[in-house]
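# I'll drop the sequence and a predicted model, then ask my questions.
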Amino acid sequence: MIALSFIGIGTGNPDHVTLAAVRALNEADVILLPRKGEAKSDLIDLRRLLCDELLENRSAANVVEFDLPTRDASAPYLGAVNDWHASIAAVWAQLLEQHLPQGGRAAMLVWGDPSLYDSSLRIAKRLLASGREIEVSVIPGITSLQVLTAEHRIPLNALAGAVHITTGRRLREKGWPNDAATVAVMLDSGGAFSALKDKHVHIWWGAYLGMEKQCLIEGRLKDVEQQILERRAALRDQYGWIMDSYLLAREPLL
């Protein structure tokens, strides 16, 4: 039996990692760290930093790094994601068989929270479907939306209003969701808010949330839209990657 724990690490800030996550990390027989290419080397560096700071015996821990398969960006989205998940599941299966042939505890550090806009659990389901004897557990983490609202010192919801969480791609395609007072946007490839016709909505935007290079901008969309687009492009050029999210509201939140 393999016990596989998905440990939410929030935005990579050690101060945001829960005590339950620290305990699960130290109980693991093997810790798997994905590498996402040179352009996103900061992400593996942050995971290494967490292991250095949170493991009680770093030198004795079995920390295994592996290259994450890439998604075919030229193929239709859903089909490409399905193939991508299959490739990742195959890599996970090989690693678990190699490092835990007699069973044991494995841990994976998941950016943000494993239950919010992350596919680790979907990929794990493929392992279970293959007949492998694996028990999956989830250690929740602090999400980027929690850090975003905390840093801007705002609630996520308008009073008595519904919150809609979506992606940048869906915002571009569908526009403002019906009946939503506030819209939280994640996984935006860049500036999906520009597709909104109403430029009087308020936006609270944040990049690299929880990190030293965190950047925040807020205001009416008509006033800060271009500023966000330019700042985002400059940050991506500077660091080679960017991770951002934002909250939109038609009415004041306070």
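Great, that's in hand. Residues are numbered from 1 along each chain as shown.

# Gly206: what's it in contact with?
Applying CB atoms under 8 Å, 6 or more residues apart in numbering to Gly206 gives the contacts 144, 147-148, 151-152, 214-217, 244-246. For the C-beta atoms, the positions are set from N, CA and C on the backbone; glycine is no exception.

# make it 7 Å
Listed by CB atoms under 7 Å, 6 or more residues apart in numbering, the contact partners of Gly206 are 148, 151, 214-216, 244-246.

# out of these, which sit inside helices?
148, 151 (DSSP state H).

# most widely separated two among the contacts of Gly206?
Taking CB to CB, the two most distant members of the contacts of Gly206 are Gln214 and Tyr246; they sit 13.4 Å apart.

# more crowded one of the two?
For Gln214 versus Tyr246, neighbours defined as other CB atoms under 10 Å are more numerous around Tyr246 (25 against 15).

# restricting to C-alpha, output the helix or strand of the chain with the lowest mean pLDDT in PDB.
Ranking every helix and strand in the chain by mean pLDDT, DSSP states H and E puts helix 41-54 at the bottom, with a mean of 83. Provided in PDB are the C-alpha atoms of helix 41-54 (Å, rounded to 0.1, in the frame of the first residue of the first chain):
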ATOM      1  CA  SER A  41      13.000  27.400 -12.100                       C
ATOM      2  CA  ASP A  42      11.800  29.700  -9.200                       C
ATOM      3  CA  LEU A  43       9.000  27.200  -8.500                       C
ATOM      4  CA  ILE A  44      11.300  24.300  -7.900                       C
ATOM      5  CA  ASP A  45      13.600  26.600  -5.900                       C
ATOM      6  CA  LEU A  46      10.800  27.500  -3.600                       C
ATOM      7  CA  ARG A  47       9.900  23.800  -3.100                       C
ATOM      8  CA  ARG A  48      13.500  23.100  -2.300                       C
ATOM      9  CA  LEU A  49      13.500  26.000   0.200                       C
ATOM     10  CA  LEU A  50      10.400  24.600   1.900                       C
ATOM     11  CA  CYS A  51      12.100  21.200   2.200                       C
ATOM     12  CA  ASP A  52      15.200  22.900   3.700                       C
ATOM     13  CA  GLU A  53      13.200  24.900   6.200                       C
ATOM     14  CA  LEU A  54      10.500  22.400   7.200                       C
END
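
# how far does it sit from its chain's centre?
Here the centre of helix 41-54 is set off from its chain's centre by 15 Å, with CA atoms, centre = their mean, to the nearest Å.
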